[in-house]
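Chemist: just coords:
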């Protein structure tokens, strides 16, 4: 074991050294205003033992600190610098590594971690601000970015058969989003101002599409899966709605039109069909059902009003007519005989 120690007065200087086996320490302090060391205070310290080593230094004035530790497969390095300030830090051990840096003034930060199949990277930049972040682990990757001022955000995640992409943009604002995984896919977009939204989902034999548009407003929606399909549309201001469903041998169609109003509806399936229509203003309604050997027809007309109704099944028909303002209601039945007879008429009041 050997120790050496020295102290010097006046502007002061201290020196110490200890040595024993595989252990060694060195320490030095320097004060005062010694011109060969450039001003006030300096400290230096060093320890060495086996595969372990530490080194530390402090320098006053505009200040500087440096620190380093090394042992086995582990290493740490740290540094601080005064004035406009700068910090640097690093740790390394086995398959693990971390790096960090901070810079003053308009400010900048950088950070990185790496271990096995895991990696993270992060950066922040001052002023109008910018952030960048990335994580990687196995088959999973995430990337994210934020930008100040009018603001912009971007994010992406990828793992296996899964992928997500997302973006936001400030000002009049715009958002875009997408997810993809296996046979599933979703896409979405929003745009502010006069507003616009677009949305789509796709999975297997299923697909949905939706669109909304602001201002005078318009909506469009569609769903498709197997043998079923639905389509829907709405249009603003004087308003119009359209809807359609189709599946197997079944089909439905519906339409409404604003202003003086008009509605149309139709259902068709197998040997069955229904049709219905309403028209505003002086009003008109029409309805018809047809199935097998059965048929029904009904009609109403406004103004002086007229109604017509007819049912046909087998060989029989009936018609009824009604007029507003007439006191006599007539019902007429017509029948035609097969044996070459003429036409029989039967009339009577209801």
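Modeler: Noted; the coordinates are in hand. These numbers were taken from a predicted model, which means no experiment stands behind them.
Chemist: where along the stretch 201-350 of the chain do the strands fall?
Modeler: Secondary structure of the stretch 201-350 of the chain (DSSP state E, counting those that start in this stretch): strands located at 206-213, 218-225, 228-235, 240-247, 250-257, 262-269, 272-279, 284-291, 294-301, 306-313, 316-323, 331-336, 343-346.
Chemist: Next, the buried residues of the second one.
Modeler: Neighbour counts using 16 or more other Cβ atoms under 10 Å place 218, 220-224 of strand 218-225 among the buried residues. C-beta coordinates here come from the backbone N, C-alpha and C atoms, glycine included.
Chemist: Need the max-distance pair from those.
Modeler: Greatest spatial distance among those (Cβ to Cβ): 218 and 224, at 20.2 Å.
Chemist: Give me the below-cutoff pLDDT ranges for the stretch 201-350 of the chain.
Modeler: Applying pLDDT under 70 to the stretch 201-350 of the chain picks out residues 314-350.
Chemist: what's the spacing between residue 302 and residue 79?
Modeler: As judged by Cβ to Cβ, to the nearest Å, residue 302 and residue 79 stand 91 Å apart.
Chemist: what bridges to residue 70?
Modeler: Assessed by DSSP bridges, residue 70 has beta-bridge partners residue 53, residue 75.
Chemist: That one touches residue 52, doesn't it?
Modeler: Yes: at 7.2 Å, residue 70 counts as touching residue 52 under the criterion of Cβ atoms under 8 Å.
Chemist: what sits against residue 31?
Modeler: 11-13, 40-41 (Cβ atoms under 8 Å, 6 or more residues apart in numbering).
Chemist: could you redo the last one with a cut-off of 6 Å?
Modeler: Residue 31 makes contact with 12, 41, according to Cβ atoms under 6 Å, 6 or more residues apart in numbering.
Chemist: same thing with the one 10 residues further on?
Modeler: Taking Cβ under 6 Å, 6+ apart as the criterion, residue 41 is in contact with 31, 60.
Chemist: do the same with residue 154
Modeler: Neighbours of residue 154 in contact, by Cβ under 6 Å, 6+ apart: 145, 167.
Chemist: just residue 132 next, same as before
Modeler: Counting by Cβ under 6 Å, 6+ apart, residue 132 touches 123, 145.
Chemist: any idea whether it is helix, strand or coil?
Modeler: Judged by DSSP: H, G, I helix; E, B strand; the rest coil, the three-state class of residue 132 is strand.
Chemist: Not counting its neighbours along the chain, what's nearest residue 241?
Modeler: Sequence neighbours aside, residue 256 is the residue nearest to residue 241 in space, at 4.3 Å (criterion: Cβ to Cβ, 6 or more residues apart in numbering).
Chemist: Could you tell me how far that neighbour is located from residue 276?
Modeler: With the distance defined as Cβ to Cβ, residue 256 ends up 12 Å from residue 276.
Chemist: Please apply the same query to residue 162.
Modeler: When distance is defined by Cβ to Cβ, residue 162 is 48 Å away from residue 276.
Chemist: cool, and residue 56?
Modeler: For residue 56 relative to residue 276 (Cβ to Cβ), the value is 91 Å.
Chemist: repeat for residue 268
Modeler: Applying Cβ to Cβ to residue 268 and residue 276 gives a distance of 12 Å.
Chemist: Run a quick neighbour tally on residue 72.
Modeler: Residues near residue 72, counting by other Cβ atoms under 10 Å, number 10.
Chemist: That one and residue 55, how far apart?
Modeler: Taking Cβ to Cβ, one finds residue 72 at 16 Å from residue 55.
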